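1. predicted coordinates and the sequence they were generated for:
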2 protein chains.
Amino acid sequence: MFTHRAKYAIKALVHLARRVGQGPVHAQTIADDEQIPERFLELILVQLRIGGLVRSRAGRGGGHFLEGSPEDISLLSVIRAIDEQIDPLPCLSTTAYVRCRDCDDEATCTTRHLFIKIQEQQSALLSHVTLASVMPKPRMAATPAASPKLRTPTHPVLVNANSQHSPTT
Amino acid sequence: MFTHRAKYAIKALVHLARRVGQGPVHAQTIADDEQIPERFLELILVQLRIGGLVRSRAGRGGGHFLEGSPEDISLLSVIRAIDEQIDPLPCLSTTAYVRCRDCDDEATCTTRHLFIKIQEQQSALLSHVTLASVMPKPRMAATPAASPKLRTPTHPVLVNANSQHSPTT
DNA sequence: CTAAATCATATCATTTATATAGGAATAAAA
DNA sequence: TTTTATTCCTATATAAATGATATGATTTAG
């Protein structure tokens, strides 16, 4: 499960991505449009700023805007900025390392090895999804009214791994 | 982050997998060997039994043993049995569906579409890792003392996606 | 019948997630 | 320089999830 924070962060970033080059956007505006509690969103925006994903300008006429371009902002970087702990086990975090008390020897810990692999895979997954990859490309208006759903992506995009919208929960 | 429950469950299952065909194993034994709080482990074993991953026998000489073979037990099924909610958003759960209050139209919700993709990928990932894939194959004793670390797997195993043990947390 | 084990249920403690609140700092405009 | 609009910072409140413990009932081999 992703947290609400992460979801809100992504919504806010997509919001900003859609307004690149239009100057800073008020937190209030984002909150209203995306239906996010305003005060809570402010905290999230601060995290995103610290994480280097957005820049902010205080004072009248201020607001928030993307630091980089949508192609360069991956889900992984968002999650990193928002959720402190993204590692599958505390013993796998470089910044918040805590040894498992049920582990005698990390070097031979089967579980640890397993989760390292999982982590690598999941990171790879999230790093390949960018803000740009979730936005419809608004380039050149007219192709003969074909369904816009399957536009060929110009940026890395999720592959459709045998997709059957797999059973949940 | 995976929960402790999930980690304990996996450790217990690997423990059982190593003892396939040797009759039921006491919860107490698993708890001691794997350094898991015993009472807590019992609860987890019950969940695993309900989830169909282990079978249990009460009474003297009882214990727990794998229901299927290690090749058939995927991490996905473990997580499903242990953590109730594995979906990235509550609006994506079939069994615990809750509409997001910050969403007017699920059909056009960009975030939802995004997370559906993520979910598919992550499920695919977890479903390809089985108990068997985390255990060293003890088959036929003698190959000329080569490092056993890179034995060619006979069961689905994680690919090594450009692995650089990616930066964490 | 008894001992060894699981099974069921309740409770408690801790941590994490989700906010909310008050006001300080910043910066533009009047 | 004052006003006003905005972000920024810190603290607190509330609720939910997680992790763990406790008590006792139930099952079953011997």
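-> Everything's here; your move. Numbers count the residues shown, from 1 in each chain, chains lettered A, B, ... in the order given.
2. quick check on residue A:19: phi, psi?
-> Phi and psi for residue A:19, reported as degrees, to the nearest 10, are phi -120, psi 20.
3. revised request: answer the last question for residue A:9.
-> Backbone torsions of residue A:9, given as degrees, to the nearest 10, read phi -60, psi -50.
4. is it true that it touches residue A:81?
-> Yes - assessed by CB atoms under 8 Å, residue A:9 is found in contact with residue A:81 at 7.3 Å. C-beta coordinates here come from the backbone N, C-alpha and C atoms, glycine included.
5. quick check: neighbours shared by these two?
-> Shared contacts of residue A:9 and residue A:81 (CB atoms under 8 Å, 6 or more residues apart in numbering or on different chains): A:47, A:48.
6. does the residue in chain A sticking out farthest from the centre fall in a helix, a strand, or a coil region?
-> Seen from the C-alpha centroid of chain A, the residue lying at the greatest distance (CA atoms, centre = their mean) is residue A:104, 35.1 Å away. Assigned by DSSP: H, G, I helix; E, B strand; the rest coil, the conformation of residue A:104 is coil.
7. with residue A:64 instead?
-> What three-state DSSP gives for residue A:64 is strand.
8. who's in contact with it?
-> Each residue near residue A:64 by CB under 8 Å, 6+ apart is listed here: A:12, A:16, A:24-27, A:30, A:45, A:48-49, A:54-57.
9. again, only this time at 6 Å
-> A:24, A:25, A:45, A:54, A:56 (CB atoms under 6 Å, 6 or more residues apart in numbering or on different chains).
10. phi, psi of the last one?
-> Phi and psi for residue A:56, reported as degrees, to the nearest 10, are phi -130, psi 150.
11. within range of DNA strand D, give me the residues from chain A.
-> Within chain A, the residues that sit near DNA strand D (CB under 7 Å from any atom of the strand) are A:26-28, A:39, A:42-43, A:45-46, A:49, A:56-64.
12. just the buried subset of those residues, please.
-> Of the members of the residues of chain A next to DNA strand D, the ones counted as buried by neighbours, 16 or more other CB atoms under 10 Å in any protein chain shown, are A:27, A:42, A:45, A:56, A:63, A:64.
13. just those residues now: which is nearest residue B:70?
-> residue A:45 (46.9 Å; CB to CB).
14. who does the helix or strand in which that closest one is found touch, helix- and strand-wise?
-> With secondary structure defined by DSSP states H and E, residue A:45 is part of helix A:38-50. If contacts are counted by 3 or more CB pairs under 6 Å, 6 or more residues apart in numbering or on different chains; DSSP states H and E, helix A:38-50 sits against helix A:4-17, helix A:27-34, helix A:75-82.
15. same thing but 8 Å
-> Applying 3 or more CB pairs under 8 Å, 6 or more residues apart in numbering or on different chains; DSSP states H and E, we find helix A:38-50 packed against helix A:4-17, helix A:27-34, strand A:54-57, strand A:63-66, helix A:75-82.
16. report the distance from that helix to the chain centre.
-> 14 Å (CA atoms, centre = their mean, to the nearest Å).
17. equivalent analysis for stretch A:11-19, please.
-> So, by CA atoms, centre = their mean, the centroid of stretch A:11-19 is 11 Å from its chain's centroid.
18. just stretch A:113-132 next, same as before
-> Distance, centroid of stretch A:113-132 to centroid of chain: 12 Å (CA atoms, centre = their mean).
19. hmm, back to that, any part of the helix holding residue A:45 near DNA strand C?
-> Yes - contact of helix A:38-50 with DNA strand C (CB under 7 Å from any atom of the strand) involves A:39, A:40, A:43.
20. residue contacts, the residue nearest to the spatial centre of chain A?
-> Nearest to the geometric centre of chain A sits residue A:75, at 2.9 Å (CA atoms, centre = their mean). The contact partners of residue A:75, by CB under 8 Å, 6+ apart, come to A:10, A:126, A:127, A:129, A:130, B:118.
21. where in chain A is pLDDT low?
-> Along chain A, the model assigns pLDDT under 70 to residues A:1, A:84-85, A:87, A:137-169.
22. same thing but at 50, please
-> A:141-167 (pLDDT under 50).
23. mind listing what's buried in the longest helix that it contains?
-> The helix that spans the most residues within chain A, counting by DSSP state H, is helix A:110-127. Residues A:111-112, A:114-127 are the ones in helix A:110-127 that count as buried (16+ other CB under 10 Å).
24. now it and helix B:27-34, what's the angle there?
-> Counting by axes from the mean of the first three to the mean of the last three CA atoms, to 10 degrees, helix A:110-127 lies at 70 degrees to helix B:27-34.
25. between all of the contacts of residue A:75, which two are separated the most?
-> Most distant of these, by CB to CB, are A:10 and A:127, 14.6 Å apart.
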